[in-house]
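**Q** what follows is a predicted protein model with its sequence.
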Amino acid sequence: MALDFLYKAHYFFINLSVIFLLGFFFVFLSFSSPKQSSLLSFPPLSTNPDGCRSVESLSDAKTKCFYIETHHPCDTSGYIDYLNLFYCGFGFSPLLGHIVLVLWLLILLYLLGNTASQYFCPSLEGLSRVLKLSPTIAGVTLLSLGNGAPDVFSTIVSFDGAAAVGLSSVLGGAFFVSTVVVGVISICCSSHCRVVAIDRVGFIRDLCFFLFTLFFLLLILSVGKVHILLSMIFVSIYILYVIVVSTSHCYRKEHAELGSPLLESIEVEQPAVQSQESKQIVKFSPLLDWVLFLLELPLYLPRRLTIPVVTEENWSKPFAVASMILSPNLLAILWNSRKGEMDSQESITIFLFAALIGIALGIIAIERTESSQPPKFILPWLAAGFLMSVVWTYLIAGELVSILVSIGHILGIRPSVLGVTVLAWGNSLGDLIANVAMAVNGGENGAQIAIAGCYAGPIFNILIGLGMSLLFSSWASLPKPFQIPKDPSQFVIIGFLIGGLLWALVFLSRKQMKLNRSLGGGLIAIYSCFLCLRLLESLEVVYFGASEHV
């Protein structure tokens, strides 16, 4: 009953926050005043190298509002103009503006994780099953992508104007998982009076790849620019990792009956377990259930109506037909909005073309599907679900990065600091809960699997998430190399991260690969020292050198 109450309270808070924010958005859209461009004047952009930092030196709310509306460096490239909303919509009450932005930030973090777990991961699991991938290949490719989807998409999106956020978030997430999560797992295993020994070969292999990846990244950051060839080599390191993992797995399977610490043997059935748990929740009352259902609709319906879902437990023919009709239209809306030509002849043509495709797909879905069960040939459905879940994850990640940059401007905090803390924590919270639960309740191999995930997952996020970001950015910069934002604090993150990995390697090697509280305490202490250092930097007590402007 306690779990039931927490579950309902969680959804009640999230969805009530949505209703609260929607109400404020509509109110301020209705009462916002027209721009008074003739009353105020500011120096041209070229004389304001500090970007949005000058806004805090202005006195009244109207002046700040006009400054935000007329200065391009204050554009955070999101679908919602958060700075305009804060300074123009909530100029009369900054406290209320802060509350609204924090609530929306929490909702975006929830939506990012929920979209990955409820739509993205089931599509990947289905594709793995249909394509008949071995557990080894599926684990280090599709499952890693499913587990790391929030980090990967946040990183890729952030490089479209806020690369420092992406760099900080992916490194901060890797640091958090490899220190705090591993530390908590070690302490929990010791608290349960269990002696857990980690497989030496698999652990050293994963750590060596992790360290090699970090040293390669240090080389890229030291140069300060990356060519497309170098970014391709960086991404290909993960292909090498997959080959080594697959080869070692096959070799050990043939020559010994040893437990494997690979990520590929992890969590293959986790989505099913989660769905069963959610189904077992006991209802309080029909009235409360209806209230929660109505509050959940603003978050649930847009994704459910545009992402095809073909799992047995969630199959619905009406939703399937609707997703086939509406998904092309959503793609058309996003495409035209990004181009900024919503009312041009070209955009109208795209809308009509998308509508025709949607109608055609809807008719096919009506004719080829049944109400009682999903279609037998589900590969096209899984591919469509994968595509649309990627679109939604990309969309949400973009807004998440945009609001973090905006909060950085408002509070005078560099976006990279928010990336390494708020965004990294939000994306890694699921790893903390899932891996600790796996270690405590997963039987003999539970801790082994959890520890492996704490290292293999960040390897994927750095090489694929950060690597693909560098690849796309260097491709867009051709024939010139892509210039990486200068931020000496990135070297501090990598230095602490390498220190945590070496601490775990040396400690476990001397303790016969056994987890204990000393290992966990040391790792958490390393992360705590890093946080204290970043706090002192934010308070301008210490300096790491020149970095990007807010």
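**A** All right, it came through fine.
**Q** surely Leu470 touches Leu221?
**A** No - counting by C-beta atoms under 8 Å, Leu470 sits too far from Leu221 to count as a contact (10.7 Å). Glycine gets a C-beta too; all of them are placed from N, C-alpha and C.
**Q** the two: who's more crowded?
**A** Shown here are Leu470 and Leu221; by other C-beta atoms under 10 Å, Leu470 has more neighbours (28 against 18).
**Q** which SSE is that one in?
**A** Assigned by DSSP states H and E, Leu470 belongs to helix 467-476.
**Q** what's the mean pLDDT across that helix?
**A** Averaged across helix 467-476, pLDDT comes to 85.
**Q** care to break this structure down by domain?
**A** Domain segmentation of the chain under automatic domain parsing yields 2-31+75-315+394-538, 316-372.
**Q** now for those domains, which one comes closest to Thr63?
**A** Proximity to Thr63 (C-beta to C-beta) singles out domain 2-31+75-315+394-538 among these, at 9.4 Å.
**Q** in CSV, please show the C-alpha coordinates belonging to the strand or helix carrying Gly172.
**A** Using DSSP H and E, Gly172 maps to helix 163-176. The C-alpha trace of helix 163-176 is given here as CSV (Å, rounded to 0.1, in the frame of the first residue of the first chain):
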residue,chain,number,x,y,z
ALA,A,163,28.3,22.0,-26.6
ALA,A,164,29.7,22.7,-23.1
VAL,A,165,26.4,21.3,-21.6
GLY,A,166,26.8,18.1,-23.6
LEU,A,167,30.4,17.6,-22.7
SER,A,168,29.8,18.2,-19.0
SER,A,169,26.6,16.1,-18.8
VAL,A,170,28.1,13.0,-20.4
LEU,A,171,31.3,13.2,-18.4
GLY,A,172,29.4,14.1,-15.2
GLY,A,173,27.1,11.2,-15.8
ALA,A,174,30.0,8.8,-16.3
PHE,A,175,31.7,10.2,-13.2
PHE,A,176,28.6,9.8,-11.1
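**Q** by contact count, what packs against that helix?
**A** When contacts are defined as 3 or more C-beta pairs under 8 Å, 6 or more residues apart in numbering; DSSP states H and E, helix 163-176 packs onto helix 149-158, helix 379-411, helix 415-418, helix 424-441, helix 467-476, helix 489-510, helix 517-538.
**Q** what's the first helix or strand after it?
**A** Downstream of helix 163-176, the first helix or strand assigned by DSSP H and E is helix 182-191.
**Q** quick one: work out the angle between that following helix and helix 163-176.
**A** Here helix 182-191 runs at an angle of 20 degrees relative to helix 163-176 (axes from the mean of the first three to the mean of the last three C-alpha atoms, to 10 degrees).
**Q** orientation of helix 182-191 relative to helix 489-510 in degrees?
**A** Helix 182-191 runs at 30 degrees relative to helix 489-510, counting by the same axes, to 10 degrees.
**Q** now for helix 182-191, which elements pack on it?
**A** Going by 3+ C-beta pairs under 8 Å, 6+ apart, helix 182-191 lies up against helix 424-441, helix 446-460, helix 517-538.
**Q** right, and the helix or strand after it?
**A** Note on helix 182-191: by DSSP H and E, the next helix or strand toward the C-terminus is helix 200-223.
**Q** between helix 467-476 and that next one, find me the angle.
**A** Using the same axes, to 10 degrees: helix 200-223 against helix 467-476 is 30 degrees.
**Q** now the domains of the chain in a markdown table, please, with extra columns for distance to Phe66.
**A** A markdown table is the format used below for the domains of the chain (distance: least, C-beta to C-beta, whole Å):
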| stretch | distance to Phe66 |
| --- | --- |
| domain 2-31+75-315+394-538 | 9 |
| domain 316-372 | 22 |
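**Q** all set now, cheers.
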